[in-house]
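**Student:** I would like the atomic coordinates for the input below:
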Amino acid sequence: MRHIRLIAATGTAVAALALTACDNGTGTEDEGAARPKATVAAAETNVSKSPESSTPAKDTTGTGTDTDSGATEASPVSRTDAPGSKPAASAGRKGQSATRSVVLCNGTNTSVTAQLLSRPLNHMLLTVKNTGGKTCDLPYYPVLRFDQMQWVPQADESTQPQSVVSLAPGQSAYAGVLLSAADGSGTGGMAAHKLTVGFQGMTPNSDGGPSATPALPAKGVYYDSTLKVTYWRSDLDAISNW
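**Tutor:** Residues are numbered from 1 along each chain as shown. Model prediction:
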């Protein structure tokens, strides 16, 4: 009988312990397997949030490529927009913009007329007008050829302008031509029925492009060995009394 009472007392004590564990609001806790699982989960959470795992590994080989497949920014070594660097194509375009492209006045973008003058005597006036859509340069002086003449009339150096004549669309320039000596001192005089006006390039006696053939009077134009011309001038008054 005493043995039965001891067993009953022991069972009552165990039940009391079990009720005490349930009264803490968490239910019955398994002290064997549950706690290790919680500890492992917490450790895994801490590892996933650590700085080492959230920062992509950087390339240390010098190739400029991150080992993280999601990386989008290249290494500074391979950037083309670094300060002080310019692509070759851009530099070329800049260089072209700094140098104006020269368009020469010639027979393709101008009209040329030849007019005999009553004063000064034995003189002719050449007028060249820019009929193109761009400004053109008219360097030096006209290169004249009457009919099939084999020599080139020289220019009067005193009429040379200070800078190259430049004609905007619609503008005109002028040159005077001394056809023959008024006192008859010239030699080899003859009448010509065709005039070819040549244009020079930016260096003396260079080819400036197609020539022009202005009309002459039906009776022709008389010239002799004293034939000479002025430089092209944008101001008619500069050669009006030449």
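**Student:** from now on I want contacts and neighbour counts done on CA atoms only, so please keep to that.
**Tutor:** Fine.
**Student:** let me see the contact set for the residue nearest to Ala168 when sequence neighbours are not counted.
**Tutor:** Among residues not flanking Ala168 along the chain, Thr135 sits closest, at 4.2 Å (C-alpha to C-alpha, 6 or more residues apart in numbering). Residues in contact with Thr135 (C-alpha atoms under 8 Å, 6 or more residues apart in numbering) are Val103, Ser166, Leu167, Ala168, Pro169.
**Student:** try Ser206
**Tutor:** Contacts of Ser206 by C-alpha under 8 Å, 6+ apart are Gln200.
**Student:** how far away is it from Lys129?
**Tutor:** Ser206 sits 21 Å away from Lys129, going by C-alpha to C-alpha, to the nearest Å.
**Student:** want to try a markdown table for the contacts of Thr135, with secondary structure as columns?
**Tutor:** Converted to a markdown table, the contacts of Thr135 look like this (DSSP: H, G, I helix; E, B strand; the rest coil):
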| residue | secondary structure |
| --- | --- |
| Val103 | coil |
| Ser166 | strand |
| Leu167 | strand |
| Ala168 | coil |
| Pro169 | coil |
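**Student:** now do the helices in the chain.
**Tutor:** 2-22, 34-48, 51-54, 88-98 (DSSP state H).
**Student:** picking that back up, closest one to Ser118 out of the contacts of Thr135, please.
**Tutor:** Nearest to Ser118 out of these is Leu167 (C-alpha to C-alpha; 27.5 Å).
**Student:** need the per-residue pLDDT for that closest one.
**Tutor:** As predicted, Leu167 sits at a pLDDT of 98.
**Student:** out of the contacts of Thr135, who's the most crowded?
**Tutor:** Using other C-alpha atoms under 10 Å as the neighbour test, the contacts of Thr135 are led by Leu167, with 23 neighbours.
**Student:** is it bridged to anything, and to what?
**Tutor:** Going by DSSP bridges, Leu167 is paired in beta bridges with Cys136.
**Student:** how close does it get to Thr131?
**Tutor:** Taking C-alpha to C-alpha, one finds Leu167 at 10 Å from Thr131.
**Student:** same deal with Asn205?
**Tutor:** From Asn205 to Thr131 the distance is 24 Å (C-alpha to C-alpha).
**Student:** okay, those two: which has more neighbours?
**Tutor:** Using other C-alpha under 10 Å, the more surrounded residue of Asn205 and Thr131 is Thr131, with 20 against 12.
**Student:** can you tell me the closest non-neighbouring residue to that one?
**Tutor:** Thr110 (4.9 Å).
**Student:** do the same with Gly201
**Tutor:** Per C-alpha to C-alpha, 6+ apart, closest to Gly201 is Gly208, 4.0 Å.
**Student:** residues in contact with the one you found?
**Tutor:** Leu104, Cys105, Asn106, Gly198, Phe199, Gln200, Gly201, Met202.
**Student:** among those, name the buried ones.
**Tutor:** Leu104, Cys105, Asn106, Gly198, Phe199, Gln200, Gly201 (16 or more other C-alpha atoms under 10 Å).
**Student:** the third one: what's it in contact with?
**Tutor:** Which is Asn106. Taking C-alpha under 8 Å, 6+ apart, one finds Gly198, Phe199, Gly208, Gly209, Pro210, Ser211, Ala212 in contact with Asn106.
**Student:** state the distance from it to Ala181.
**Tutor:** In terms of C-alpha to C-alpha, Asn106 sits 29 Å off from Ala181.
**Student:** tell me the pLDDT at the residue nearest to Ala168?
**Tutor:** The model's pLDDT for Thr135 equals 97.
**Student:** backbone dihedrals for it, both of them.
**Tutor:** phi -70, psi 140 (degrees, to the nearest 10).
**Student:** and if you look at Gly201?
**Tutor:** Torsion angles, degrees, to the nearest 10, at Gly201: phi -90, psi -160.
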